[in-house]
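Peer 1: Quick one, what's the 3D model for this:
(one chain, ligands or ions: 1)
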Amino acid sequence: MKTEIRNGAKKTEKEIEKLLKKMTLEEKIAMIHGAALFRSGGVPRLDIPGLSTSDGPMGVRAEFMDDRWIPAGNNDDAVSYLPSNSALASTWNPYRAYEMGKVLGAEARGRGKDVILAPGINIKRSPLCGRNFEYMSEDPKLTESIAVPFIKGIQENDVAACVKHFAANVQETDRLMVDEEIDDRTLYELYFPAFKAAVQKAGAYSVMGAYNKVNGYHCCENKALLDWVLRGEWGFDGAVISDWGGVHKTKEAAECSVDLEMSVFPDFDQYKLAAPLKAAIENGEIAEEAVDAKVRNLLRLMFRLKMIGKQKGERKTGAYNTPDHRQMILRTAEESMILLKNEKQLLPLDRKKIKKLVVIGQNAAKIHSDGGGSAEIKALYEICPLMGLKCSLGGGAQVAYYKGYHVPEKRKTFDHNWQADSLNSLDDLKGTDIGQLTRNDDTISEDHRRDAEERLAQAERDKAEIHEKNKALFAQAVEAAKDADAVIFVGGLNHDIDSEGFDRADMKLPYEQDALIEELLKVRKDLIVTLIGGSPVEMPWKDKAQAILWSYYAGMETGTAFAGIVFGDINPSGRLAETFPKVYEDCVTAKNGQFGKWGSIRLEEGLYCGYRYFDREHIAPAFCFGHGLSYTQFSYSGLTIRAEKTKEVKLTFTIRNTGKRIGAEVAQVYVAPIAPKADRPDKELKTYAKVELAPGKSRKVSLTLHEESFAYFDPDLHAFTADAGDYEILVGASAEDIRLRGVVTLP
Ligand code: BGC
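Peer 2: Residues are numbered from 1 along each chain as shown. Predicted coordinates:
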């Protein structure tokens, strides 16, 4: 089998060379830049099509016009809306990730796409990053475990995943120009591993170069990142696609490993890798070999996707909006929601006892699929929590809904598209035909900053409006709450806040929701607080609330899954893939101030963000990494640890469902070096298992730790090393709830 694959690869390389020889410089150049906003150029003479790409992680984005940032307005491009990457990671279930990948890949193929611009696998460094909802976790191991099956699922459909954004795309402020200073150890241990696994373990066909700079160079012109690490060390032979507008300089981009320049402007011939490159080659400044290298990578991608070559007729065709896609999406949504707190077993509610249910809060009735930036989609449908509750309760009960708080109209700063806006100042755009615009790198940060200031000023103006309107809304909601069998608050964030293009100003709930929750708790101790959002929020009322349920943007079946959990048809099994701090001030990015700045940031905390930081500083978060409750309970026992000669460590332990309902536990294994030679985080997640058990049943779990589970990156050796010595193995239900401990000695 292996020889067959090698032979196949050799044949493909020969085919690539043959095609390349036949191509003129113009034809090659046509292939390496956008010919439409989401399509690259092809070579019709040689039957080489352009690559058709589409966002994004939560489903296949609606069709855009070729040369305007305006949706085409078709009625045939609504799709299944998948749980966001943050929701997916909260399932801690690689199988669900594989299924979601299959759904996304099939839908992308069904819509005729070659490359789907997903998944987003950047590490969540600060809870304020606007795009955190598109990313998976603060932990590289958990990210890898979800990303790898997701990518495999996509690519089984003969569609390329485009893993984004390489690398360290950790903030939206000044996103096109910000320079991030990051040391090697931090890159290799925190920001690289998921990308390395995407390439080596999942075989990702394409990678998107990020907008930001890393250590002085834009990611799409960064030889260290693209040539030395991605291709050199990891052996990536797929295509690197620039983020839209991520290429700035012709020579730099031509001579480093970015293969396809995409952008948000319709002046396709003026892209850096278009006419300017052709001129530079013709006058001898740049060697044509630079273009050949890119074309090879793109042709290889096309062979893999069966777009060209002998296998062309065998390419899968995909399908979108199938009933089984919706079923899989529902299962994932159910597994993604996290029960943060449940005193007095307030949840689940007994349907039979509910004659009058009061639901309060705008997220009960809100549709989220159409927002957030490039991850927005045109969903076939989206069941909001209120609809889910009503569908599930039926006509025997009265459901009364109150908005509770005021959300100002979304301020549409400019009509055509936020994405192009983010590359130009709004003032520049007003009244202009975007077709005439190009970007000015010298003024871009300033333009962007003015937009940010305007956004903040608008938010200030909104505050007065919110406060005024909330008076009546609060009073109505509080009054209604007094007279009901149960009261559910559904609040949180939305994509006016969790969005591409800007970061959050703080970690607080918007629209005075905290004040409303406090008032509701005064009249209803048994208030069920549920929140939907894409990133952690402060919960100053957390000790008073008895039940708190958290959901990320969970896809088209959010409401169905939500009702299933509220009424106990579904036993929650989601776990936090990121730390929920008590207040933003507790986070390392608040302390070191190296987040959300313009121009440059230094990631001076190194490895210490997320739980690694909270551990080191002994700061108690509101809810820790890995936390999540169930309607049943689990016990852990009998940890055995056996070090093998192969430097593998085999673990076994038993989990038992000691409660009364079927449910799933996520057993997490952390490794904690005892007296390490190098500076090491107190503990790090290395593996985990999700186990579903019927009441009274138990299962023996076997897991393996590999040498890499004990290793750290030594920048002097430029290699990972696992020092000999003792390591504590911690097995637990969360980063804080450690149930079993043992020690292994590494020779
Ligand atoms: C985003 C990418 C997206 C691309 C195409 C960019 O602004 O950063 O994530 O895939 O646009 O829409």
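Peer 1: switch to C-alpha atoms for all contacts and neighbour counts from now on
Peer 2: Noted.
Peer 1: separation between residue 585 and the ligand?
Peer 2: 28 Å (Cα to the nearest ligand atom, to the nearest Å).
Peer 1: That residue belongs to a helix, doesn't it?
Peer 2: Yes: Residue 585 sits within a helix when classified using DSSP: H, G, I helix; E, B strand; the rest coil.
Peer 1: Got phi/psi on the nearest residue to it once chain neighbours are set aside?
Peer 2: Excluding its sequence neighbours, the residue lying closest to residue 585 (Cα to Cα, 6 or more residues apart in numbering) is residue 591, at 6.7 Å. Backbone torsions for residue 591, taken as degrees, to the nearest 10, come to phi -70, psi -50.
Peer 1: what does residue 643 give?
Peer 2: Here is the backbone geometry of residue 643 (degrees, to the nearest 10): phi -90, psi 130.
Peer 1: What pLDDT does the model give it?
Peer 2: In this model, residue 643 is scored at 94, pLDDT.
Peer 1: Touching, it and residue 705? I think so.
Peer 2: No: with contact defined as Cα atoms under 8 Å, residue 643 does not reach residue 705; the gap is 9.2 Å.
Peer 1: Return the residue spatially closest to residue 67, with its sequence-adjacent residues excluded.
Peer 2: Using Cα to Cα, 6+ apart, the nearest residue to residue 67 is residue 266, at 5.0 Å.
Peer 1: Just the strands from the stretch 551-700 of the chain, written as ranges.
Peer 2: Ranges of strands in the stretch 551-700 of the chain, per DSSP state E, counting those that start in this stretch, are 600-602, 634-643, 649-657, 663-673, 684-693, 698-705.
Peer 1: Let me know the average pLDDT across the fifth one.
Peer 2: In this model, strand 684-693 has a mean pLDDT of 98.
Peer 1: Please apply the same query to the third one.
Peer 2: This predicted structure assigns strand 649-657 an average pLDDT of 98.
Peer 1: other SSEs contacting it?
Peer 2: With contacts taken as 3 or more Cα pairs under 8 Å, 6 or more residues apart in numbering; DSSP states H and E, strand 649-657 sits against strand 634-643, strand 698-705.
Peer 1: how near is the closest residue to residue 303 other than its chain neighbours to the ligand?
Peer 2: Nearest non-adjacent residue to residue 303, counting by Cα to Cα, 6+ apart: residue 309, 6.1 Å away. As defined by Cα to the nearest ligand atom, residue 309 lies at a distance of 28 Å from the ligand.
Peer 1: Repeat that for residue 253.
Peer 2: Going from residue 253 to the ligand by Cα to the nearest ligand atom gives 18 Å.
Peer 1: Also residue 710?
Peer 2: Counting by Cα to the nearest ligand atom - residue 710 and the ligand are separated by 33 Å.
Peer 1: quick check: longest helix of the protein.
Peer 2: If you go by DSSP state H, the chain has its longest helix at helix 444-482.
Peer 1: Is there proximity between that one and the ligand?
Peer 2: No: counting by Cα under 6 Å from any ligand atom, the ligand is not contacted by helix 444-482; separation bottoms out at 13.7 Å.
Peer 1: what does stretch 214-228 give?
Peer 2: No: under the criterion of Cα under 6 Å from any ligand atom, stretch 214-228 makes no contact with the ligand; the nearest approach is 12.5 Å.
Peer 1: re the thing from before, and the residue nearest to residue 303, its phi and psi?
Peer 2: In terms of degrees, to the nearest 10, the main-chain angles of residue 309 are phi 90, psi -180.
Peer 1: Over to residue 400. Which of the three states is it?
Peer 2: Looking at residue 400 with three-state DSSP, the answer is strand.
Peer 1: Is it correct that residue 88 falls within a helix?
Peer 2: Yes: under three-state DSSP, residue 88 sits within a helix.
Peer 1: gap between the closest residue to it other than its chain neighbours and residue 486?
Peer 2: Of all residues not flanking residue 88 in the chain, residue 336 sits nearest, at 6.1 Å (Cα to Cα, 6+ apart). Distance, residue 336 to residue 486, using Cα to Cα, to the nearest Å: 24 Å.
Peer 1: which of these two has more neighbours?
Peer 2: residue 336 (32 against 21; other Cα atoms under 10 Å).
Peer 1: Test my guess that that one contacts residue 90.
Peer 2: Yes: with contact defined as Cα under 8 Å, residue 336 counts as touching residue 90 (5.0 Å).
Peer 1: which residues are common contacts for those two?
Peer 2: 574, 575 (Cα atoms under 8 Å, 6 or more residues apart in numbering).
Peer 1: count of neighbours near residue 397?
Peer 2: Residues contacting residue 397 under the criterion other Cα under 10 Å number 15.
Peer 1: got any ranges where the stretch 151-300 of the chain has weak pLDDT?
Peer 2: In the prediction, the stretch 151-300 of the chain carries no residues with pLDDT under 70.
Peer 1: Which positions in it make contact with the ligand?
Peer 2: Listed as neighbours of the ligand in the stretch 151-300 of the chain under the rule Cα under 6 Å from any ligand atom: 243, 244.
Peer 1: Report the central residue of this structure.
Peer 2: residue 135 (1.9 Å; Cα atoms, centre = their mean).
Peer 1: ok, residue 673 touching residue 728?
Peer 2: Yes: when contacts are counted by Cα under 8 Å, residue 673 is listed as touching residue 728 (6.1 Å).
Peer 1: and the two? which has more neighbours close in?
Peer 2: Taking neighbours as other Cα under 10 Å, residue 673 and residue 728 compare with residue 673 leading, 25 against 16.
Peer 1: partner residues bridging the more buried one?
Peer 2: Beta-bridge partners of residue 673, counted by DSSP bridges, are residue 727.
Peer 1: Can you classify the nearest residue to residue 124 once chain neighbours are set aside as helix, strand or coil?
Peer 2: Distances taken as Cα to Cα, 6+ apart place residue 138 nearest to residue 124, at 4.5 Å, with adjacent residues excluded. At residue 138 the chain is in coil, as set by three-state DSSP.
Peer 1: For the residue of the stretch 201-350 of the chain at minimum distance from the ligand, give me its contacts.
Peer 2: Distance from the ligand to each residue of the stretch 201-350 of the chain (Cα to the nearest ligand atom) is smallest for residue 244, at 4.9 Å. Residue 244 makes contacts with 261, 262, 263, 264, as judged by Cα under 8 Å, 6+ apart.
Peer 1: lowest confidence element among the helices and strands of the protein?
Peer 2: Ranking every helix and strand in the chain by mean pLDDT, DSSP states H and E puts helix 426-429 at the bottom, with a mean of 42.
Peer 1: which parts of stretch 50-63 are buried?
Peer 2: 50-63 (16 or more other Cα atoms under 10 Å).
Peer 1: cool, and stretch 573-593?
Peer 2: Under the neighbour-count criterion of 16+ other Cα under 10 Å, stretch 573-593 has 573-584, 586-589 buried.
Peer 1: what stretches of the stretch 1-150 of the chain score poorly on pLDDT?
Peer 2: Looking at the stretch 1-150 of the chain by pLDDT under 70, you get 1-6.
Peer 1: and the closest residue to residue 694 other than its chain neighbours, what pLDDT?
Peer 2: Nearest non-adjacent residue to residue 694, counting by Cα to Cα, 6+ apart: residue 662, 4.3 Å away. Confidence at residue 662, expressed as pLDDT, is 98.
Peer 1: Likewise for the one 4 residues further on?
Peer 2: At residue 666 the predicted local distance difference test score is 98.
Peer 1: Which of the buried residues of stretch 573-593 fall in helices?
Peer 2: Judged by DSSP H, helices contain the following of the buried residues of stretch 573-593: 588, 589.
Peer 1: quick one on the thing from earlier: okay, the angle between the longest helix of the chain and strand 398-402?
Peer 2: Going by axes from the mean of the first three to the mean of the last three Cα atoms, to 10 degrees, helix 444-482 is angled at 140 degrees with respect to strand 398-402.
Peer 1: buried ones in helix 444-482?
Peer 2: By neighbour count with 16+ other Cα under 10 Å, helix 444-482 contains the buried residues 444-445, 447-449, 451-452, 463, 466, 470, 473-474, 477-478, 480-481.
Peer 1: how is this structure carved up into domains?
Peer 2: Taking automatic domain parsing as the domain assignment, the ranges for the chain are 336-588, 634-746.
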